[in-house]
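1. generate a structure from the sequence data that follows.
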Amino acid sequence: VETATAVMGGARMVPVIVERHGLDFKYPEEEYFHRLRSGSALRPDDLLILSKECISLKDLAEAVRHLFQQIALPFSPHKPTNIRQAELMNILNRCSPRSPQASLEH
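-> As a prediction, the model looks like this:
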């Protein structure tokens, strides 16, 4: 619901890949989007929530696809502080039109 609502509302969304040993995220393939659009990738409770929020399966699939078409930025929680800070600055630069440095200072 949140992804579809954000995309439909024009919100900036930044996909982030958490880089950590043992985590190996796989981007969804085309078949996943077909299952999402048909509803077979969702539980009955999920379908009910989407219906209550007036979000169609087509809108949901398009929103998720839109998110995954953006280049994901890395975040490495176990790397040294200077690397984490640089990665966070890159993420913040994509999130907001205002200066991310100002956001970190306040």
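2. against residue 87, how distant is residue 42?
-> For residue 42, the distance to residue 87 (C-beta to C-beta, to the nearest Å) stands at 32 Å. C-beta coordinates here come from the backbone N, C-alpha and C atoms, glycine included.
3. now for the most centrally placed residue in the chain: which residues touch it?
-> Central residue of the chain (C-alpha atoms, centre = their mean): residue 15, 4.2 Å from the mean position. Residue 15 makes contact with 67-68, 70-73 under the criterion C-beta atoms under 8 Å, 6 or more residues apart in numbering.
4. looking at those, which are in strands?
-> If you go by DSSP state E, the contacts of residue 15 have residue 73 in strands.
5. write the PyMOL selection for whichever of the contacts of residue 15 are buried.
-> Selection of buried members from the contacts of residue 15 for PyMOL, criterion 16 or more other C-beta atoms under 10 Å:
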select buried, resi 67+73
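6. okay, now the closest residue to residue 25 other than its chain neighbours: neighbour count?
-> Counting by C-beta to C-beta, 6 or more residues apart in numbering, the nearest residue to residue 25 once its immediate chain neighbours are dropped is residue 17, at 5.9 Å. Residues lying near residue 17 (other C-beta atoms under 10 Å) number 14.
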